[in-house]
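*Asks:* Next come a sequence and a model predicted from it.
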Amino acid sequence: MKSTIDKVLSALHKDAQKDYMRIGRGVVSSIFRPLQPSDFKNAYLPISENQGVTIRDLVQKHQCKTVVEFGTSFGISTIYLADAVRENGGKVITTELIESKAIQAKRNIEKAGLEQHVEVRVGDAMETLKDFKEPIDFLFLDGWKDLYLPLFKMLEPLLYEATLIYADNMDMEGTQQYGAYVRSQSQRYTSSMLDGGKAMLTKVAA
Ligand SMILES: C[S@@+](CC[C@H](N)C(=O)[O-])C[C@H]1O[C@@H](n2cnc3c(N)ncnc32)[C@H](O)[C@@H]1O
């Protein structure tokens with residue numbers, strides 16, 4: 001029998017299948033200027049179900065307790081991560097720029113019964129995570145692509161030899177600087193591609 005969490009995730013993934021219309025509208029509205037996050041305020045832009053299973057398994061297998069997520073959207077990936085920390089007493093700290101998306105994400109997380117495992121910080125992650133000071137066990141990058149590198153550099157002092165970093169959309173142009181930086185630090189980081197080359201998993205050297 002399907003659990004409440006699985007039912008909520010199935011419903012959200014199903015609704016997200018209509019993203020192509022929402023994305024189309026966002027792209028049209030930005031025709032005379034660069035795209036911005038608010039152009040996608042109605043779109044999930046979620047990870048796939050396979051990716052959800054991957055991140056849930058990674059967090060569970062490595063017993064990650066402090067999970068930081070960049071880019072909540074409507075909470076699909078957050079629910080996978082929160083499901084993973086449910087039994088080890090951990091917490092997901094996630095951050096979303098668009099307030100209406102954060103509000104809906106909180107509702108979805110509550111529907112899944114996972115609210116006590118999640119803290120949603122509303123605003124620009126460069127601000128909302130600025131004062132974060134705990135060692136990070138699992139960092140999930142899925143917000144605005146040009147910010148992967150500055151955000152990663154800001155959080156770098158909190159990474160240690162057990163930290164895992166999962167970065168989605170490594171096939172998109174904005175993430176290339178992040179990829180190049182991590183690969184250039186080969187004594188500190190080792191990376192492999194996952195989920196059909198879409199995502200990159202990085203481990204910190206001991
Ligand atoms: C690809 S979506 C995240 C999808 C989500 N991780 C999932 O799988 O369900 C990216 C999200 O990052 C948010 N975002 C963009 N720039 C941000 C910023 N500077 N700080 C926090 N969130 C940001 C966007 O509003 C958008 O909802």
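*Replies:* Looks like it arrived, so ask away. Numbers count the residues shown, from 1 in each chain.

*Asks:* Show me what counts as buried in the helix or strand of the chain with the lowest mean pLDDT.
*Replies:* Least confident helix or strand, the chain: helix 19-29 with a mean of 86, by mean pLDDT, DSSP states H and E. Of the residues in helix 19-29, 19, 22-23, 26 count as buried by neighbour count, 16 or more other C-beta atoms under 10 Å. Where you see a C-beta, it was placed from the backbone N, CA and C, and this is true even at glycine.

*Asks:* Can I get it in PDB? Just the C-alpha atoms.
*Replies:* Only the C-alpha atoms of helix 19-29 are listed here, as PDB (Å, rounded to 0.1, in the frame of the first residue of the first chain):
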ATOM      1  CA  ASP A  19       5.000  22.400 -16.600                       C
ATOM      2  CA  TYR A  20       5.500  22.700 -20.300                       C
ATOM      3  CA  MET A  21       2.600  25.200 -20.500                       C
ATOM      4  CA  ARG A  22       3.800  27.100 -17.500                       C
ATOM      5  CA  ILE A  23       7.300  27.300 -18.800                       C
ATOM      6  CA  GLY A  24       6.100  28.400 -22.200                       C
ATOM      7  CA  ARG A  25       4.200  31.300 -20.600                       C
ATOM      8  CA  GLY A  26       7.300  32.300 -18.600                       C
ATOM      9  CA  VAL A  27       9.500  32.200 -21.700                       C
ATOM     10  CA  VAL A  28       7.000  34.300 -23.700                       C
ATOM     11  CA  SER A  29       6.800  37.000 -20.900                       C
END
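
*Asks:* on that earlier part again, can you name the two of the buried residues of helix 19-29 that sit furthest apart?
*Replies:* Greatest spatial distance among the buried residues of helix 19-29 (C-beta to C-beta): Asp19 and Gly26, at 9.8 Å.

*Asks:* Now do the same for the residue of the chain most remote from its centre: helix, strand or coil?
*Replies:* Residue farthest from the centre of the chain, counting by C-alpha atoms, centre = their mean, is Phe32 at 28.9 Å. Classification of Phe32 using DSSP: H, G, I helix; E, B strand; the rest coil returns coil.

*Asks:* That'll do, ta.
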